[in-house]
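> give me a model of this one.
(chains A and B)
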Protein chains: 2
Amino acid sequence: MNRRAFLAKRQCSNTRARTGRLLTRHGEIKTPVFMPVGTQASVKAISPGELLALGAHIILGNTYHLYLRPGHELIRALGGLHRFMNWHRPILTDSGGFQVYSLAPFRKIYEEGALFRSHIDGSLHKLTPELAIEVQEALGSDIMMALDTCIPYPCPEKETEAATDLTTRWAQRCLEARTKPGLLLFGIIQGGMFRHLRIRHTEQLLGLGFDGYALGGLSVGEPKEILFEMIECSRPLIPDHLPCYVMGVGTPEDMVECVSMGIDMFDCVMPTRNARNGMLFTSFGRIVIKNARFALDESPIDPECTCYTCRNYSRAYLRHLFMARELLSYRLNTIHNLHYYLNLLSEIRSAIERDDFSTFRKNFFSMRNVR
Amino acid sequence: MNRRAFLAKRQCSNTRARTGRLLTRHGEIKTPVFMPVGTQASVKAISPGELLALGAHIILGNTYHLYLRPGHELIRALGGLHRFMNWHRPILTDSGGFQVYSLAPFRKIYEEGALFRSHIDGSLHKLTPELAIEVQEALGSDIMMALDTCIPYPCPEKETEAATDLTTRWAQRCLEARTKPGLLLFGIIQGGMFRHLRIRHTEQLLGLGFDGYALGGLSVGEPKEILFEMIECSRPLIPDHLPCYVMGVGTPEDMVECVSMGIDMFDCVMPTRNARNGMLFTSFGRIVIKNARFALDESPIDPECTCYTCRNYSRAYLRHLFMARELLSYRLNTIHNLHYYLNLLSEIRSAIERDDFSTFRKNFFSMRNVR
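Numbers count the residues shown, from 1 in each chain, chains lettered A, B, ... in the order given. Presented below is the predicted three-dimensional model:
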């Protein structure tokens, strides 16, 4: 294990919300943090300069995608992912396990690893825990994720248990495979929607000694109560000196709730993907920009927003760009949505720092019911 | 006619190349100038801020597109095209004549105007000279173009003559239709590929008294010799105190040649469209970024280029973005190609100013043969 990478800073008096700092080779990350998703060595529709201007501390890269195209050996030869894509702040890479499950047209799980076909050209590949680490080390990831095996939702107990146990063995192999201790490695806690499996898996992975822990296999279609219940199974077991990340969460509302449960890190394609579909986040809820009522609307997306898009463009223009399928539409919408997410996390951190998170949370939810 | 809008500045000693200044309500344009095409109230893939950084003096908007979507009345109600799209330098709008010819799935020309169906929804519209001016005034164009009627290439003499004569009558009606003399209005010289029709039409339109003249119906598939021959028919007839614009030209090589013939203004979709197709302009010719030989190439597109893309990204990364169809690909390629075009015109202006254009032109063409 690394020299302690995470420092808890301020603890909320009323909830388990907390601030902290996560130290990586490419600098410090203030938590709780949202990580924009940069699937194929690019956060879709925007530039690294725009990410910096938005205040992004860290982005996520997808091992599955980069392994298939352009290939990790190519990125290694070109000096790593940071240099390749001109992003010099931290990068977390996932393990590829989820994309093998969700994207590959064929997949079979063996003890050794996951056999799958590429969604790009149908070619056959085998992703093992050792390869997952090799790829992430080649990319030069600041935070690597251990390879996990994902299951459908819902999934029977026996199948869930087998997949969870396999994830434990793969986690152990990931720890053994790593050759660069300077890169952080997080374990992924699975266990489906079964309390006892979640608890057991948390204990098993804690025993292995990762630099941080992610809760995986969540936000896959289960009801919110179950999402929060599963987080509750694992989160209290994880010691305060370790960062805790819920993968794939989520909506602004979910993130606020998860922060109150002690979660430090988030990632989700929602702000970027929804932007490209014309769904925009505002302080008073979501709007769909193609709606005809915006055709002559000179106001910005959100009068309270300070993002580049809201400072410079009207809803009418953004609606026009979207209807005309202009490329600028995707960029301006993405900037707005990521600003919303990153600003929300920034406000959450400030609220926790001044020990006012409970009020913040109450106001956050009341705003959304009022309008 | 307006108070003189154009000031010729420096005349090349060896060719008809010249520099000048064109004065508009939104500021001064240094000529010779290239105008990036902003078809649907957006120069595809880039922002107004990027256009400013690239040193664009003026952009072109398409009357046909903006009339159909979002509609000129909407843009008028929102304060005009400059405000709508957040671009506060000059805008030239074309008349819609060429798009009615090239894009509409149905078109019929009458004395009154052109009846056509929208390429978006098949709806029926009638574009008259009066409507072309009404739309352009509603947009708040700085330089409006008179409505012309376009013909195929090749086209028989009789048909060409009839279309050219109709364009003269429409030109007269455009002059009479205008209600805002502060906006400049250029006539479009047609005449197909017939010398005598080109000469006659030039004289006819000069007699009507426009603020400037465009040579239309060129760069439509004819051999280069004919393009230059047709320009030669008209250009010498146009007085020095009037700006002269060749529409839809063209390649870097064509622009250099046209400048030597006394052309002041250019527009073309080539730099932006080719960028989105992965074809990039360099000081040593064109490159196709998807070529496999760039997969591991760490150098910029053009080592001599100072654009944002070349300062920050490798050919390898740009190839990856293009292969992965990432939106950032289109932006970075567009920035590079527009930089190439705008920088070329800037170098041309400098060369003319120091009366060194002949040498510049010789070097320009020898560079392209060497590598």
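> does A:Leu7 touch A:Thr19 like I think?
No - using Cβ atoms under 8 Å, A:Leu7 is not in contact with A:Thr19; the gap is 9.7 Å. Just so you know, the C-beta spots here come from the backbone N, C-alpha and C atoms, and that holds for glycine as well.
> the more surrounded of these two?
A:Thr19 (23 against 14; other Cβ atoms under 10 Å in any protein chain shown).
> shouldn't the more buried one be in contact with A:Ile29?
No - the criterion here is Cβ under 8 Å, and A:Thr19 misses it with A:Ile29 at 11.2 Å.
> what about A:Tyr308, neighbour count?
Neighbours around A:Tyr308, by other Cβ under 10 Å: 18.
> which residues sit in contact with it?
Neighbouring residues of A:Tyr308 by Cβ atoms under 8 Å, 6 or more residues apart in numbering or on different chains: A:50, A:53, A:332, A:335, A:339.
> most surrounded residue in the residues you listed?
Ranking the contacts of A:Tyr308 using other Cβ under 10 Å puts A:Leu332 first, with 29 neighbours.
> what does the pLDDT read for the residue nearest to that residue when sequence neighbours are not counted?
In this structure, A:Leu332 finds its nearest non-sequential neighbour in A:Thr309, 4.4 Å apart by Cβ to Cβ, 6 or more residues apart in numbering or on different chains. We have a pLDDT of 98 for A:Thr309.
> what does A:Tyr330 give?
So, for A:Tyr330, pLDDT stands at 98.
> isn't it up against A:Lys44?
Yes - using Cβ under 8 Å, A:Tyr330 makes contact with A:Lys44 at a distance of 7.4 Å.
> what residues does the stretch 201-350 of chain A put near chain B?
A:295-296, A:298, A:312-314, A:316-317, A:319-321, A:323-324, A:326-328, A:330-332 (Cβ under 8 Å from any Cβ of the partner chain).
> and with 10 Å instead?
Taking Cβ under 10 Å from any Cβ of the partner chain, the part of the stretch 201-350 of chain A that reaches chain B is made up of A:276, A:295-298, A:308, A:311-314, A:316-317, A:319-321, A:323-332, A:334-335.
> mark which of the residues you listed are buried, thanks.
Buried subset of these (neighbour count, 16 or more other Cβ atoms under 10 Å in any protein chain shown): A:276, A:295, A:297, A:308, A:313-314, A:316-317, A:319-321, A:323-324, A:326-332, A:334-335.
> contacting residues around A:Pro271?
A:34, A:36-37, A:43, A:251-252, A:279-281, A:333-334, A:336-342, A:344 (Cβ atoms under 10 Å, 6 or more residues apart in numbering or on different chains).
> Three-state assignment for it, please.
helix (DSSP: H, G, I helix; E, B strand; the rest coil).
> list the contacts of the residue lying closest to it once chain neighbours are set aside.
With sequence-adjacent residues excluded and distances taken as Cβ to Cβ, 6+ apart, A:Pro271 is closest to A:Asn337, at 3.8 Å. Contact analysis of A:Asn337 by Cβ under 10 Å, 6+ apart lists A:36, A:270-276, A:279-282, A:286, A:301, A:307, A:309.
> closest to chain B among those residues?
If you rank the contacts of A:Asn337 by distance to chain B using Cβ to the nearest Cβ, A:Arg276 comes first, at 8.3 Å.
> give me phi/psi at the residue nearest to that closest one when sequence neighbours are not counted?
Closest residue to A:Arg276 apart from its sequence neighbours, by Cβ to Cβ, 6+ apart: A:Tyr330 at 4.8 Å. Main-chain torsions, A:Tyr330, degrees, to the nearest 10: phi -60, psi -40.
> can you give me the strands in the stretch 151-300 of chain A?
A:184-189, A:212-215, A:244-246, A:265-267, A:279-282, A:285-288 (DSSP state E, counting those that start in this stretch).
> would you convert those into JSON lines that also reports mean pLDDT?
Shown next, in JSON lines, are the strands of the stretch 151-300 of chain A (pLDDT from 0 to 100):
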{"stretch": "strand A:184-189", "mean pLDDT": "98"}
{"stretch": "strand A:212-215", "mean pLDDT": "98"}
{"stretch": "strand A:244-246", "mean pLDDT": "98"}
{"stretch": "strand A:265-267", "mean pLDDT": "98"}
{"stretch": "strand A:279-282", "mean pLDDT": "98"}
{"stretch": "strand A:285-288", "mean pLDDT": "96"}
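> would you list these in JSON lines and tack on mean neighbour count and distance to B:Ala177?
Listed next are these as JSON lines, based on neighbours: other Cβ atoms under 10 Å in any protein chain shown; distance: least, Cβ to Cβ, whole Å:
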{"stretch": "strand A:184-189", "mean neighbour count": "29", "distance to B:Ala177": "69"}
{"stretch": "strand A:212-215", "mean neighbour count": "26", "distance to B:Ala177": "67"}
{"stretch": "strand A:244-246", "mean neighbour count": "27", "distance to B:Ala177": "63"}
{"stretch": "strand A:265-267", "mean neighbour count": "24", "distance to B:Ala177": "57"}
{"stretch": "strand A:279-282", "mean neighbour count": "22", "distance to B:Ala177": "40"}
{"stretch": "strand A:285-288", "mean neighbour count": "14", "distance to B:Ala177": "39"}
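> low-confidence stretches in chain A?
Scanning chain A for pLDDT under 70 picks out the ranges A:1-3, A:369-371.
> which residue sits closest to the spatially most central residue of it, ignoring its sequence neighbours?
Compute the mean C-alpha point of chain A, and by Cα atoms, centre = their mean the closest residue is A:Asp267, 1.7 Å away. Spatially, and ignoring its direct neighbours in sequence, A:Asp267 is nearest to A:Met35 (4.3 Å; Cβ to Cβ, 6+ apart).
> so how many other residues sit close to that neighbour?
25.
> one more: A:Pro239?
Neighbours of A:Pro239 (other Cβ under 10 Å): 9.
> ok, the residue lying closest to it once chain neighbours are set aside - contacts?
Nearest residue to A:Pro239 in three dimensions, chain neighbours excluded: A:Leu206, at 7.8 Å (Cβ to Cβ, 6+ apart). Contacts for A:Leu206 were tallied using Cβ under 10 Å, 6+ apart; they are A:187, A:189, A:213, A:234, A:237-239, A:242.
> for A:Val259, same thing?
Neighbours of A:Val259 in contact, by Cβ under 10 Å, 6+ apart: A:12, A:15-19, A:31-32, A:246, A:266, A:344-345, A:348-349, A:351-352, A:357, A:360-361.
> among those, which are located in helices?
Mapping the contacts of A:Val259 onto helices (DSSP state H) picks out A:344-345, A:348-349, A:351-352, A:357, A:360-361.
> could I get the residues you listed as TSV with distance to B:Ser260?
Output for the ones in helices among the contacts of A:Val259, formatted as TSV (distance: Cβ to Cβ, whole Å):
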residue	distance to B:Ser260
A:Leu344	58
A:Leu345	58
A:Ile348	63
A:Arg349	62
A:Ala351	66
A:Ile352	67
A:Phe357	70
A:Phe360	67
A:Arg361	69
